[in-house]
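Asks: the sequence isn't on hand, but the structure is:
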């Protein structure tokens, strides 16, 4: 029978465990493990003290110090040794848990805990003061030895895209980092943490979306999960870098968080370009790739970027939830926004401004922070205080262009509201702020601008700064970030697409020239352009991958801007029409880009398939209808025109969505005000105040015309249109008609006059022998001119067709305004001029090889012109239209009517229409004969009876109040439709200011009677 093993005493067990943990021996004998160190001096000291050479908790720290201080050839350096101690202690702890003797187990567990605590404590001492143990050579690496352990700790949570390979990772003993960061004072850990944060920043510097950013990001999140870690981060000198040369790019590249936000798929300036190159790796030679490969790349980038957004949002949320660090986060965001305000400029300096990637990432993160107050009912919107724009010391908002108020008006308003600076306590300030919020939540918009509300405004000039809720701060910060980030990226993408289009047009021209006359220079130019187009295309696809394909990002943005428009409408009293008689200053002073960004987002999203699915658009529709024709609320005409562009995108035939059709056809404000406001804006846009206003108006009116054409087909809107024409016959509708006619004449005239020039250029180029003899530069210039003329004709003709179409369909049911005294001759002259161009002697000069290419459809145009003639003849109850046709001395010719009728017969037009048109021609011929007889009968007309503008006999003379000159009423009223000034001295003039010249009118009537009597006699 085998003898039983002797039972070990607790002291012996403790000795064994501690020797295993610390890899030391107090007795000199040959050890199998070369890592074990014999502490000869320590052993001698212990013996001299009369103690046993056994390891114990009392000797633990002394032994550890001697081990770390000594110079042992085969031993591990301090840091890996201490980590190993902790790991071995952990392993011993697992074994101890199996001990049956509870008392011994409890005692040994206490020993292991103390060993672990010592290992952690000396790790802190060593990392905080590397000179503490001078006999060891420090690692030459500048990276903290803790970093691999932190990476190891978070590596299990890093998988999929954006993560790094786990091979070669140093394993961190379970619980070590938790103990390292949890139980310590700030001062002993601050330097260690600062080094870690600098290392993490360095590890993601210039890393692209395809690089390993996930591991450092998780490490950052892990560190700030400890209160000490969060405090150390926001107190790091690089949290917000300081210096005389601080700008947006410096913050991005040198702050701790900046490089994390720089990780992106979007292109950046060459100096700051990240690796791996996303465009090159995912989208090179995209035109030759399979759609499935491109889709895979899109999915990868979208997934990667959403991982980044979630991680960055988690970091900010963690810091914002901590009362000690919240203010630092808001300060950081404020600094990033303010130092990058010039990103809003058309041209952005990439050296002084942060990248688009950073601001798109920040946009996605800020939208996530806004989520709690973007609920369907927007219940928290009363927490958003408009006074933040003026009183915030965090964001520089007061210099931004306001919706309606000038900077002087804003300053005057703020001065009026705060005439005396009073000292108030912070408590009183807070009470006032709460009162302000309460009052804003309950007041109607018409009273919002009243002084009673503003007396409770917490002013920054008081001893305590105005306090704003986090919701308020987050809202305004997000508006600025989106303006400088996501919306700027939309603009950059649009310009990129235009650049590609221009390059492709130029390339096409060069290739055509190369076919006619090859040259080495052209070969170089073609190669250069092809390379440019390839790079541009890669950048375009990067934008598409990170932004256009991210439906969630677009949906969050739309939810945010829905809150924006609902909140803004609240400042004017809510969704109701008509608007207040005066614009509340709170609304007037809001930055213009708040509305512009909302409209740009809607336009952009409307062009992306399914981007608007599930989005509540009614609030946007209400907002647009309320303000697009309200210059007293939104001063900028281009911004109001942008609202029409949104509606244009929503037309059912364009959006392809049934959702948008209900906005037009079943929406109360739309049915009541949409046509009216579109007509008003059509008139208002004539004078934008810009030096390019003449050309801008055509593009804007093109959008309005398309909308009006669609609305005419909706019976409820057509009825509203007819009612407006009746109510506003002498008002906005007459102005609308006048500008529609002006535009039609200009556009058709411009395009028809350019056709002979185009044909001349075409003839030059087709004469190959003569063309080849010309210098290459001249050929290039003439080719460019040819393409330019082609574009001008195509655009002008398209716009002219729209205008003539609108005149045709409206004149069928609304004739009265066309036949007013001040309008009828103008309409007749226009129709005569078009008729002359289309069937007159010069018509052959307008023949083109491919007229459809230029949107030139002469038969269709002629048919519409004749339709307008016939529609007006049908509505002409007083028989004034035929006479108006003949008074046009420039274009009227009786033979044109028969020539037009012949063309219409050949193209198979309705015989009834042709007959009515011929009858109108006959009436006009008769009217011409009668007019000639009347003129002969009148004989010599005294000059005082002649209108000084038209030199025709006045029928209703009126005196102009400032110049005191007498003119005929229809003539001056026609002038006032386009220009509200006295034509003789440019002073302001309106129809109601005209003074009837009763005496002169009586004289004229007497003159006509006397001349008639003479004729009869």
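Replies: Arrived safely. What you are looking at is a predicted structure, and each value in this text was computed from that prediction instead of being measured.
Asks: can you pull the poorly scored residue ranges out of this protein?
Replies: When residues are selected by pLDDT under 70, those of the chain lie in 1-6, 30-31, 131, 134-141, 156-170, 416-466, 655-658, 691, 933-938, 1015-1017.
Asks: could you break it into its assigned domains?
Replies: According to the TED database, the chain comprises the domains 10-128, 640-726, 729-938, 943-1016.
Asks: where's the closest residue to residue 860 other than its chain neighbours relative to residue 705, distance?
Replies: Nearest residue to residue 860, sequence neighbours excluded (C-beta to C-beta, 6 or more residues apart in numbering): residue 801, at 7.9 Å. Any C-beta I mention is one placed from the backbone N, CA and C, and that applies to glycine too. Distance, residue 801 to residue 705, using C-beta to C-beta, to the nearest Å: 10 Å.
Asks: what ranges do the helices span in the stretch 901-1017 of the chain?
Replies: Assigned by DSSP state H, counting those that start in this stretch, the helices in the stretch 901-1017 of the chain fall at 911-938, 969-978, 998-1016.
Asks: save the domains of the chain as JSON lines, and put in distance to residue 578 and mean neighbour count too.
Replies: JSON lines is the format used below for the domains of the chain (distance: least, C-beta to C-beta, whole Å; neighbours: other C-beta atoms under 10 Å):
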{"stretch": "domain 10-128", "distance to residue 578": "71", "mean neighbour count": "16"}
{"stretch": "domain 640-726", "distance to residue 578": "9", "mean neighbour count": "18"}
{"stretch": "domain 729-938", "distance to residue 578": "15", "mean neighbour count": "17"}
{"stretch": "domain 943-1016", "distance to residue 578": "22", "mean neighbour count": "15"}
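Asks: wait, what's in contact with residue 504?
Replies: residue 533 (C-beta atoms under 8 Å, 6 or more residues apart in numbering).
Asks: what of residue 616?
Replies: Contact analysis of residue 616 by C-beta under 8 Å, 6+ apart lists 376, 562.
Asks: element containing it?
Replies: Taking DSSP states H and E as the definition, residue 616 sits outside all helices and strands.
Asks: quick one, phi psi at it?
Replies: phi -80, psi 110 (degrees, to the nearest 10).
Asks: distance of it from residue 890?
Replies: When residue 616 is compared with residue 890 (using C-beta to C-beta), they lie 55 Å apart.
Asks: returning to that earlier point: so which of the domains of the chain is nearest residue 633?
Replies: With C-beta to C-beta as the measure, domain 640-726 is the member of the domains of the chain nearest residue 633 (9.4 Å).
Asks: quote the end-to-end distance of stretch 612-620.
Replies: Stretch 612-620 has its terminal residues 12 Å apart, counting by C-alpha to C-alpha, to the nearest Å.
Asks: for that stretch, buried residues please.
Replies: By neighbour count on 16 or more other C-beta atoms under 10 Å, the buried set for stretch 612-620 is 612, 615, 617, 619, 620.
Asks: ok, which pair from those is furthest apart?
Replies: Spanning the widest gap among those are 612 and 619, at 13.2 Å by C-beta to C-beta.
Asks: before we move on, the earlier item: can you lay out the buried residues of stretch 612-620 as CSV showing distance to residue 215?
Replies: Converted to CSV, the buried residues of stretch 612-620 look like this (distance: C-beta to C-beta, whole Å):
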residue, distance to residue 215
612, 37
615, 36
617, 42
619, 43
620, 42
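Asks: of the residues you listed, which is the nearest to residue 174?
Replies: Relative to residue 174, the closest of these is residue 615; by C-beta to C-beta it sits at 47.5 Å.
Asks: once you drop chain neighbours, what's closest to the closest one?
Replies: Closest residue in space to residue 615, ignoring its immediate chain neighbours: residue 558 at 4.9 Å, by C-beta to C-beta, 6+ apart.
Asks: now find how far off-centre whatever helix or strand the one you found lives in is within its chain.
Replies: Using DSSP H and E, residue 558 maps to helix 551-570. Centroid separation for helix 551-570 versus its chain: 12 Å, with C-alpha atoms, centre = their mean, to the nearest Å.
Asks: ok, then the element right after it?
Replies: Next along the chain after helix 551-570, taking DSSP H and E as the criterion, comes helix 585-588.
Asks: following that following helix, which helix or strand comes up?
Replies: Counting by DSSP H and E, the next helix or strand C-terminal to helix 585-588 is helix 593-606.
Asks: what helices or strands is that next one leaning on?
Replies: Here helix 593-606 touches helix 470-484, helix 486-516, helix 551-570, helix 618-627, helix 637-650, going by 3 or more C-beta pairs under 8 Å, 6 or more residues apart in numbering; DSSP states H and E.
Asks: pull out the buried positions in the shortest one.
Replies: Buried residues in helix 618-627, defined by neighbour count with 16+ other C-beta under 10 Å: 619, 620, 621, 622, 623, 624, 625, 626, 627.
Asks: check the second one too.
Replies: Within helix 486-516, the residues that count as buried by 16+ other C-beta under 10 Å are 486-490, 492-493, 496, 500, 503, 506-507, 510, 513.
Asks: now that helix, how far from the chain's geometric center?
Replies: Centre-to-centre, helix 486-516 and its host chain are 22 Å apart (C-alpha atoms, centre = their mean).
Asks: likewise the last one?
Replies: Its chain's C-alpha centre lies 14 Å from the corresponding centre of helix 637-650 when counted by C-alpha atoms, centre = their mean.
Asks: what sits up against that helix?
Replies: Identification of contacts with helix 637-650 by C-beta under 8 Å, 6+ apart yields 592, 595-596, 599-600, 602-603, 606-607, 617, 620, 624, 627-631, 634, 654-655, 660, 663-664, 678, 681, 684-685, 688-690, 696, 700, 703-704, 706-707.
Asks: swap in the fourth one?
Replies: The set of residues external to helix 618-627 that reach it, using C-beta under 8 Å, 6+ apart, is 561-562, 565-566, 568-569, 572, 575, 577, 579, 595, 598, 602, 633-634, 640, 643, 646-647, 663, 667, 669-670, 673-674, 677.
Asks: got the angle for it vs helix 593-606?
Replies: Put simply, helix 618-627 runs at 130 degrees to helix 593-606, going by axes from the mean of the first three to the mean of the last three C-alpha atoms, to 10 degrees.
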